[in-house]
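Engineer: Sequence first, predicted model second:
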Amino acid sequence: DAGVIQSPRHEVTEMGQEVTLRCKPISGHNSLFWYRQTMMRGLELLIYFNNNVPIDDSGMPEDRFSAKMPNASFSTLKIQPSEPRDSAVYFCASSSGEVETQYFGPGTRLLVL
Amino acid sequence: DQQVKQNSPSLSVQEGRISILNCDYTNSMFDYFLWYKKYPAEGPTFLISISSIKDKNEDGRFTVFLNKSAKHLSLHIVPSQPGDSAVYFCAAGRYSSASKIIFGSGTRLSIRP
């Protein structure tokens, strides 16, 4: 029974390049979340979807960030253009709609040089 | 504006003793609270939760206490084991705003032999 799958696990890119992070939620889960973890800000919610519809994107830092969920089994988080301050670990999580439990993927460690 | 605060970035406890991790929150509208545990290179995993109608919830070695008047919760681990060494995140949310929870910055717990 696979958990939340994220790819790539590590990404190193140069400033100005486009970065796309991918997430496959647990089958049957109808809520999907993108988080960013940094030393300074801890774990912060960027955006979440319910039934593929973005519900709250107030955590998205700026217009350089965008997220999509074209279907129930796939989501992307895109950064264009990337900047060094975007370097962080990005987590995707999903839930079945229960308020208590979100299941996290292993994260994508992004380094923007 | 940090709505959920974990003021101790790290904690070291001897194996077999009690570990107490603390968390404070500012939003009195929060009505459920969670603890997540995170190992290096992995995503956070759900540990235990508590609803605001309770002041204590116990699951094996883990107990969460909630003091609503003080807007404070704590996680007790008894007895502490080497495998408990991890980063612990406190989180809070509102049932009326299902699925959006706010995380603290985390506390790194180290269990020493």
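Structural biologist: The structure has been received and is ready for your questions.
Engineer: Quick check: residues of chain A near chain B?
Structural biologist: With CB under 8 Å from any CB of the partner chain as the criterion, chain A meets chain B at residues A:4, A:31, A:33, A:35, A:41-45, A:48, A:50, A:55-56, A:91, A:93, A:95, A:97, A:99-107. Glycine gets a C-beta too; all of them are placed from N, C-alpha and C.
Engineer: What subset of those is buried?
Structural biologist: Buried by 16 or more other CB atoms under 10 Å in any protein chain shown: A:4, A:31, A:33, A:35, A:42-45, A:48, A:50, A:55-56, A:91, A:93, A:95, A:99-100, A:102-107, out of these.
Engineer: circling back: so which of the residues of chain A next to chain B sit within strands?
Structural biologist: A:31, A:33, A:35, A:42-45, A:48, A:50, A:55-56, A:91, A:93, A:95, A:103-104 (DSSP state E).
Engineer: For these, which two are the farthest from each other?
Structural biologist: Maximum pairwise distance among those (CB to CB): 23.8 Å, between A:Gly42 and A:Asn50.
Engineer: For A:Met15, which residues are in contact?
Structural biologist: A:Met15 sits next to A:Pro81, A:Ser82, A:Glu83, A:Pro84, A:Val112, A:Leu113 when contact means CB atoms under 8 Å, 6 or more residues apart in numbering or on different chains.
Engineer: Look at it and tell me its secondary structure.
Structural biologist: With DSSP: H, G, I helix; E, B strand; the rest coil as the basis, the three-state label of A:Met15 is coil.
Engineer: How about the residue nearest the centre of chain A: what's its closest non-neighbour residue?
Structural biologist: With the centre of chain A defined as its mean C-alpha position, the nearest residue by CA atoms, centre = their mean is A:Trp34, 3.3 Å away. Counting by CB to CB, 6 or more residues apart in numbering or on different chains, the nearest residue to A:Trp34 once its immediate chain neighbours are dropped is A:Leu46, at 4.4 Å.
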